[in-house]
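Asks: Have a look at this fold, sequence not included:
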């Protein structure tokens, strides 16, 4: 019960940096921070991972201490009840955070939600420990402790992988595939020579290089770019900006900087 309590206290503190991150992300871009402060959300995610890791270390220390120095566990009824209540509370929080996190496309919030769900499972483990002691296995309670610590470390790994991937501008390959798929529906695009995207907080930013006919006038090319942006917005609701550059069909994507004829920006509000 003690390591589970320590973990839940640590979980409550993770909401604080996440809340500050969402507040800062609402600020408008400035001359210094031209892309806004959405990246603060990723930094908050890293801080959350460190807080969870710290709770795992403390919980591990407590469980090892209890294994070396066993103590009587009483009252068992209240211990089991606390486990059940902890599970219900964490599951309600997890469902709410998952729903909001998916609506916002926030990796930090979704990771925090799955961590809360695992917290609920560890609370059930506390209940199982109490039942084990009730049936005459006094070591059941301290043995459950290391299992909780291992579960916390698993969440640390899962959360760190998701948050660090976004911090390093990593995206699911399905995102760039979706950009290319959207371009297939736009008439006048010979091919997509390059498609890139990155998350800044929970907003997506895309850079697309397209090949168009050399003989097409600039006005026609700009119309193609506008149609592409509209198609991207319809397919990708999390998209904040779309930068489109033009290339001749014969040029490779590595020559994009020297082949740019125009650039179109779009801001979705």
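Replies: Received, thanks. Keep in mind that this is a model prediction, so the values were computed, not measured. Numbering: from 1, shown residues only.

Asks: How many residues are close by the residue nearest to residue 47 when sequence neighbours are not counted?
Replies: Using CB to CB, 6 or more residues apart in numbering and skipping the chain neighbours, the partner closest in space to residue 47 is residue 17 (4.8 Å). From N, CA and C alone the C-beta is placed, and that goes for glycine too. When counting by other CB atoms under 10 Å, one arrives at 20 neighbours for residue 17.

Asks: Equivalent analysis for the one 10 residues further on, please.
Replies: Applying other CB under 10 Å, we find 12 other residues in the vicinity of residue 27.

Asks: quick check: domain ranges of this protein?
Replies: Listed by automatic domain parsing, the domain ranges of the chain are 2-167, 173-264.

Asks: Turn those into CSV, including mean pLDDT.
Replies: Output for the domains of the chain, formatted as CSV (pLDDT from 0 to 100):
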stretch, mean pLDDT
domain 2-167, 78
domain 173-264, 78
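
Asks: And the strands in the chain, which stretches?
Replies: 191-200, 203-211, 239-247, 263-264 (DSSP state E).

Asks: ok and the third one relative to strand 203-211, angle-wise?
Replies: In other words, strand 239-247. If you take axes from the mean of the first three to the mean of the last three CA atoms, to 10 degrees, strand 239-247 sits at 20 degrees to strand 203-211.

Asks: on contacts alone, who are the packing partners of strand 239-247?
Replies: Where contact means 3 or more CB pairs under 8 Å, 6 or more residues apart in numbering; DSSP states H and E, strand 239-247 is packed against strand 203-211, helix 218-235, helix 256-259, strand 263-264.

Asks: Export those as JSON lines, with columns for distance to residue 184.
Replies: Listed next are the helices and strands packed on strand 239-247 as JSON lines, based on distance: least, CB to CB, whole Å:
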{"stretch": "strand 203-211", "distance to residue 184": "11"}
{"stretch": "helix 218-235", "distance to residue 184": "9"}
{"stretch": "helix 256-259", "distance to residue 184": "20"}
{"stretch": "strand 263-264", "distance to residue 184": "19"}
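
Asks: ranking those by burial, who's on top?
Replies: strand 203-211 (a mean of 21; mean count of other CB atoms under 10 Å).
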